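J.: what's the 3D shape of this:
(one chain, ligands or ions: 2)
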Amino acid sequence: MDKIIVRGGKALAGNVKVSGAKNAVLPIIAAAILAEEGANVIHDVPALEDVRIICDLLKSLGITLTYDNEVLTVQAAQVTSVEASYELVRKMRASFLVMGPLLAREGKARVALPGGCAIGTRPIDQHLKGFEAMGAQIKIGQGFIEASVDGRLKGAKIYLDIASVGATENIMMAAALAEGTTVIENAAEEPEIVDLANFLNGMGAKIRGAGTGSIRIEGVDRLKGCTHCVIPDRIEAGTFMVAAAITGGDVFVENAICDHLKSVTAKLREMGVEVDEQENGIRVKRSNPLKAVDVKTLPYPGFPTDMQSQMMALLLASEGTSIVTETVFENRFMHVEEFCRMNANIKIEGRSAIVEGGAKLTGCKVAATDLRAGAALILAGLVADGETEVGNLHHIDRGYVRFTEKLRGLGAQIERVSPVIEVEADPGEQVKVEPIKVQFSPNFA
Ligand SMILES: CC(=O)N[C@H]1[C@@H](OP(=O)(O)OP(=O)(O)OC[C@H]2O[C@@H](n3ccc(=O)[nH]c3=O)[C@H](O)[C@@H]2O)O[C@H](CO)[C@@H](O)[C@@H]1O
Ligand SMILES: C=C(OP(=O)(O)O)C(=O)O
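T.: Ligands and ions are numbered 1, 2, ... in the order given. Down below sits the predicted model:
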């Protein structure tokens, strides 16, 4: 298993370019299933493990995909299967987003139950409630959810009990091809939902209100392929903003959209970090000690849960006590134990973590417990004494493109190492085994 080794102590400086957003591109690729005619050409598609998984899933449905230089072309003239296997859904929960498009286009879908995962139980009741309101019949059994409809889905008024990002997206995709008008109330307002709506509208859908709590979708009979550029990843951008702040550095985060990062920017400024919002990115600089602040995660435009662990790393480097409250996922503090191995002083009380800043972090072996936790441990390693060795990198590979290279480009002392493989040889025989370099090289041919 690969490991990332970080040596603390370098202030980061320079320019880093943010890639396309994982959480925007995954639903967009799922939505490409809806185009019966023409190809979808999607630009700025990040070379991430999650992208590879959703592409494999679409391939298993009989759809043709090609990927070259961050451009993904999806040709969905034919769909030959409506089943998303357990193997693919288990690897990535966002696979469940194929249910809405398959149901709308084919009248049926069979998708493995996503199950619980590292950060919480993550039910899908709101997705199913939406499909049922549109006339679908839902059956659950043998680890699968089967949805079917006689004829077409019908537009409906759907009030979400929770402003779920995934449910809003799944219902919006299904409603795009339904008969009549659907209104989603208490819809999630995340920028990734706006990006998905823009993509669907490019394909010929009629969606208004994305980015507000009320989205209105007039169903159309047919959708066709279009060209689209994915928005930059606000969480990757936020992670580099914290990297600059924690190391007392000066970094320009190119491509970051200021409007998408207001809650992160506000917290950094409250902590005494200089944040300069520019047209094509955000410059983050710190020369003063960090102040402790309280942070509460909330749906957009509140502080993102996907930045909670990175922010906690920053608070560890501040002077004073901070309270971090996680309101979105019930089990998203697993990084706390790993931080404590690095000499951090954090106590969990219910949904809050009490973070005592000021203790000198020390490098040691730690393991990423989820995608963002992995990034947060690397951030902590950037200021820890000595070497931090981060394992379980498959989490980080899900959502950060060339993370070590990008940090190294800013001056971080960081490297990814592959294990040396020991091979049994006959006595006297010389065997030379090179360490395997694991690199993402998508091949959708
Ligand atoms: C691929 C993707 O875009 N992932 C993001 C998406 O996940 P995801 O779409 O899974 O997150 P949701 O917004 O759906 O989840 C928010 C909360 O609602 C609950 N819930 C959700 C659906 C449902 O049917 N019933 C229910 O109770 C969840 O358990 C959770 O507590 O939004 C999360 C919240 O911003 C982010 O952390 C994830 O990075
Ligand atoms: C939790 C995340 O992703 P997912 O919903 O795909 O698990 C994330 O991006 O931090």
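J.: host element of residue 46?
T.: Following DSSP states H and E, one finds residue 46 outside all helices and strands.
J.: Report the secondary structure state of residue 150.
T.: At residue 150 the chain is in coil, as set by DSSP: H, G, I helix; E, B strand; the rest coil.
J.: Contact partners for it?
T.: Each residue near residue 150 by C-beta atoms under 8 Å, 6 or more residues apart in numbering is listed here: 107, 135. Every residue, glycine included, has its C-beta placed from N, CA and C.
J.: measure it to residue 130 for me?
T.: Per C-beta to C-beta, to the nearest Å, residue 150 is found 18 Å from residue 130.
J.: got it, and residue 310?
T.: Taking C-beta to C-beta, one finds residue 310 at 32 Å from residue 130.
J.: Around ligand 2, which positions in the stretch 51-200 of the chain sit nearby?
T.: 93-94, 119 (C-beta under 6 Å from any ligand atom).
J.: Just put those residues in JSON lines and tack on neighbour count, pLDDT and secondary structure.
T.: Below are these laid out as JSON lines (neighbours: other C-beta atoms under 10 Å; pLDDT from 0 to 100; DSSP: H, G, I helix; E, B strand; the rest coil):
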{"residue": "93", "neighbour count": "18", "pLDDT": "89", "secondary structure": "helix"}
{"residue": "94", "neighbour count": "24", "pLDDT": "94", "secondary structure": "helix"}
{"residue": "119", "neighbour count": "24", "pLDDT": "85", "secondary structure": "coil"}
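J.: closest to ligand 1 among those?
T.: For these, the closest approach to ligand 1 (C-beta to the nearest ligand atom) belongs to residue 94, at 4.0 Å.
J.: tell me the domain ranges of the chain?
T.: Per the record, the chain has its domains at 3-19+232-417, 22-215, by automatic domain parsing.
J.: Tabulate those domains (JSON lines), appending distance to residue 222.
T.: What follows is these, written out as JSON lines (distance: least, C-beta to C-beta, whole Å):
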{"stretch": "domain 3-19+232-417", "distance to residue 222": "31"}
{"stretch": "domain 22-215", "distance to residue 222": "6"}
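J.: which stretch among these comes nearest ligand 1?
T.: domain 22-215 (2.9 Å).
J.: anything in that closest one sitting right up against ligand 1?
T.: Yes - counting by C-beta under 6 Å from any ligand atom, ligand 1 is contacted by domain 22-215 at 23, 26, 93-94, 120, 122-127, 162, 164-167, 188, 192.
J.: in the stretch 301-445 of the chain, which ranges drop under the pLDDT threshold?
T.: 421-445 (pLDDT under 70).
J.: switch the cut-off to 90
T.: Applying pLDDT under 90 to the stretch 301-445 of the chain flags the ranges 418-445.
J.: Please, where are all the helices along it?
T.: 308-316, 334-341, 371-381, 394-399, 403-409 (DSSP state H, counting those that start in this stretch).
J.: got it, and the stretch 1-150 of the chain?
T.: Under DSSP H, counting those that start in this stretch, the stretch 1-150 of the chain gives helices at 22-31, 49-60, 86-91, 99-106, 125-133.
J.: looking at the ones you listed, which is buried most?
T.: Among the helices of the stretch 1-150 of the chain, the stretch with the highest mean neighbour count (mean count of other C-beta atoms under 10 Å) is helix 22-31, at a mean of 27.
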